[in-house]
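J.: A predicted structure for the sequence below; I have some questions about it.
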Amino acid sequence: MQHKSAITFLQRIGTIESKRIISRPFATLPKKTTAEKPELSNRQKFNQISPPIKLYEKLDKLGFGTLLKTKKFIGVHKQRAKRDQQRLQHTERVGPPPEPKYAFPLLSFFAGAKVPTSFPPESLDEVAFVGRSNVGKSSLINSLAESSVVRTSDKPGLTQQINFFNVGKLFHMIDMPGYGFAFVDEAERETWRELMEEYITRRETLKRVYVVLDARHGVKVADTEFFRMLNSKKTKFQIVLTKCDLLKLPELAKRIVTIEDHLKPLRNAVKDVVVVSSKTDAGINQFRKEMLFLTGHLKPKEFYDAIQAAQDEKEAKRNKAISYQR
């Protein structure tokens, strides 16, 4: 009897447990956790950027080309067509009239300084160029001035002092040593940094510092530190992207967006990024215009049209004389 009652007791226990399991069919399964999305890499974040249509229009106007009419960019082209239609309702042409060619007077070197006591007396307005070594700073200055006065080199660290150049009698261009990597020791780089900070702090005629970046590499740690230094000294500065011809148009537009994001928290940064190529001259003419405006020397459009017409006439006469001699 005891044996039979034991079996009956076990059967009852089994029935109760079965009911418990049936009533809670997934009670014994592990709880489902929400899968955390893996953090995107910088490259993935970069690829997800969608530049605004206005930026593509700006780059087209500067001479960096237009987007291919592929399925990938069909949305951008539709937006642009819509904007063009809206403009045609108010004007006979799409976009502003073409800009005249802006030109600087002869660029000439007049002073170099390795120590603050060698800075020349302040007279005309000054615009200074600075950037990491080997970003194309010297080539940019030569392109703006249509000259070869500033020495260029593939070896980082060629500029080892602050060089002062006359732009005719209009203003001064200042070429500062590169920061970051250079073929000099740490002590020498520190001396350059102190010299540049002294110039930036003391110079009352300084209108703007143009920080030159290589478009292929964007903002590096050394650049960020330099931005913060300029911002802390309440110095107005603006980013200039060089070597932009080496990037495809969508990549260039995305690079500009990322740099604008870097500048948002910096009160003394000009938010508009200058985009140029010293190789193709794209963006160079517009940059000249902006510098002339900044220094108070921009003339009406008719002034530059007259200069260009005179140059064209002179060129035509020279070509005619050459063909006559042949």
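T.: Perfect, I can see it now. Residues are numbered from 1 along each chain as shown.

J.: residue boundaries of the helices in the stretch 151-300 of the chain?
T.: 186-202, 221-232, 249-263, 284-294 (DSSP state H, counting those that start in this stretch).

J.: how far is the longest one from where the chain is centred?
T.: Put plainly, it is helix 186-202. Distance of helix 186-202 from its chain centroid, counting by CA atoms, centre = their mean, to the nearest Å, is 24 Å.

J.: ok, now the third one?
T.: For helix 249-263, the separation from the chain centroid amounts to 7 Å (computed by CA atoms, centre = their mean).

J.: Now do that helix: which elements does it pack against?
T.: With contacts defined as 3 or more CB pairs under 8 Å, 6 or more residues apart in numbering; DSSP states H and E, the packing partners of helix 249-263 are helix 42-47, helix 53-62, helix 221-232, strand 237-242, strand 269-275. For glycine as for every other residue, the C-beta is placed from the backbone atoms N, C-alpha and C.

J.: Residues touching the biggest strand by length in the chain, excluding its own?
T.: Criterion DSSP state E: the longest strand present in the chain is strand 206-214. With contact meaning CB atoms under 8 Å, 6 or more residues apart in numbering, strand 206-214 is reached by 125-132, 134-137, 140, 171, 174, 199-200, 219, 223, 226-227, 230, 235-243, 259, 270, 274, 294-295.

J.: Can I have the buried ones of the residues you listed as a PyMOL selection?
T.: The buried subset of the contacts of strand 206-214, as determined by 16 or more other CB atoms under 10 Å, is captured in PyMOL by this line:
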select buried, resi 125+126+127+128+129+130+131+132+134+135+136+137+140+171+174+199+200+219+223+226+227+230+235+237+238+239+240+241+242+243+259+270+274+294+295
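
J.: about what we covered before: will you turn the helices of the stretch 151-300 of the chain into CSV that also has distance to I162 and mean pLDDT?
T.: Shown next, in CSV, are the helices of the stretch 151-300 of the chain (distance: least, CB to CB, whole Å; pLDDT from 0 to 100):
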stretch, distance to I162, mean pLDDT
helix 186-202, 6, 82
helix 221-232, 15, 92
helix 249-263, 25, 95
helix 284-294, 19, 97
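
J.: what are the ranges of the helices in the stretch 1-150 of the chain?
T.: For the stretch 1-150 of the chain, the helices defined by DSSP H, counting those that start in this stretch occupy 2-23, 42-47, 53-62, 74-88, 137-145.

J.: Contacts made by the shortest one with the rest, please.
T.: Yep, that's helix 42-47 we're talking about. Residues from elsewhere that reach helix 42-47 (CB under 8 Å, 6+ apart): K254, T258.

J.: export it as CSV, just CAs?
T.: Extracted in CSV, the C-alpha atoms of helix 42-47 (Å, rounded to 0.1, in the frame of the first residue of the first chain):
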residue,chain,number,x,y,z
ASN,A,42,34.1,57.1,-39.1
ARG,A,43,34.1,55.8,-42.7
GLN,A,44,30.5,54.6,-42.3
LYS,A,45,29.4,57.9,-40.8
PHE,A,46,31.1,59.8,-43.6
ASN,A,47,29.3,57.7,-46.2
